[in-house]
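> predicted model, plus sequence, below.
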Amino acid sequence: MKIAFWGNTRHCGVTSNLAAISVASVIRFPYRLITFENHLGPNNLGSIYLGKPRADIVREVGTNYYEGGGSEGLIRKIYRGQYDCTILEHYIREIIYQHLYYIPQGQVIHSELFDYEFNHCIHPFFQLMDHSAEISLIDTACSNILSSKTILAEADLIVVNLCQDPAILDDFFLNYSSLLPKAMILISQYSSHSIYSIKKISRKYPVSPEHIYPIPYNEIFNNAIHYGSVIDFIFRNYHCTKESPNNFFIQAVKRAAYEMIKETERLQRRKSEELSQCGK
């Protein structure tokens, strides 16, 4: 199952929300998840999961050579047809033992070339993902690039990341309402003091409040993003008490993770039923 995390602007916490929700998901559920991006940049999932590597240390996966590793190396092998079903194990990095994996970036080619090659071989790439994990989480670029369009079209579920800025909300519901039938909506940096509450958003726009999930601002979590300690933060606070300053944030992440996985399970059952009907 393919889940695209996407937002209509760069400032709605797509990468940080994906990181937090992916960790919370594998704490509660027994699935194998693979995470990756369709775009290149230094502030990526790898830096949130593992921290940014020091300049004097060569990264284990795909730092210097395009063919040597990283998501670029994997995509080029698929693009050239030089792969089999076992190739992915040479490119993924285990984040949480036997449950959460990440395809690191090499950051050695231009983003436009990477996007072209990724989009060209996206279907065999997704087949590899489906073969290797129950769920793939894709950090999808907000920019109007080829692979983002394909990912949004192919995704089973789209986790839309918005905020309480009326301009951003207006833009999404005006220009991207076609995504709503397969979307769940996160409101990043959510503040109960904003006039754009969940109720206000659901009244103004064509979306049920049951499909909107607030992710409140949390300074400690934001620091964890900066220092690459998100995994430790989620694990330490997953069972925090109501008195904890992190409880509101953790409960919101846990709820979003739970609903994401449950919706994925529902979609999977529906697919299985449809295949069963076709076989009769």
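Here it is on my side, so go on. Residues are numbered from 1 along each chain as shown.
> give me the residues contacting the longest strand along the chain.
As assigned by DSSP state E, the longest strand anywhere in the chain is strand 183-190. Here strand 183-190 makes contact (Cβ atoms under 8 Å, 6 or more residues apart in numbering) with 12-13, 16-17, 157-164, 198, 201, 207, 211-217, 252, 256, 259-260, 263. (Each C-beta comes from the backbone N, C-alpha and C, glycine too.)
> kindly recompute the last result at 7 Å.
By Cβ atoms under 7 Å, 6 or more residues apart in numbering, the residues outside strand 183-190 that reach it are 12-13, 17, 157-164, 207, 211-217, 256, 259-260, 263.
> beyond that strand, next helix or strand please.
Using DSSP states H and E, the helix or strand that follows strand 183-190 in sequence is helix 198-204.
> helices or strands next to that following helix in the packing?
Helices and strands touching helix 198-204, by 3 or more Cβ pairs under 7 Å, 6 or more residues apart in numbering; DSSP states H and E, are strand 212-216.
> average pLDDT for whichever helix or strand comes after the strand it packs on?
Using DSSP H and E, the helix or strand that follows strand 212-216 towards the C-terminus is helix 219-227. Helix 219-227 comes out with an average pLDDT of 96.
> only whichever of the contacts of strand 183-190 are buried, select them in PyMOL.
The PyMOL selection below is limited to those of the contacts of strand 183-190 classed as buried (16 or more other Cβ atoms under 10 Å):
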select buried, resi 12+13+17+157+158+159+160+161+162+163+164+207+212+213+214+215+216+256+259+260+263
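> pLDDT score for residue 69?
62.
> where in the stretch 1-150 of the chain is pLDDT low?
Across the stretch 1-150 of the chain, the ranges flagged by pLDDT under 70 are 53-69, 107-108.
> all strands for it, in order.
2-6, 33-37, 93-96, 100-102, 135-139 (DSSP state E, counting those that start in this stretch).
> which stretch among these comes nearest residue 178?
Between residue 178 and these, the tightest spacing by Cβ to Cβ is seen for strand 2-6, at 12.9 Å.
> picking that back up, TSV for the strands of the stretch 1-150 of the chain, including mean neighbour count and distance to residue 50?
Below are the strands of the stretch 1-150 of the chain laid out as TSV (neighbours: other Cβ atoms under 10 Å; distance: least, Cβ to Cβ, whole Å):
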stretch	mean neighbour count	distance to residue 50
strand 2-6	25	18
strand 33-37	24	12
strand 93-96	16	8
strand 100-102	25	8
strand 135-139	25	15
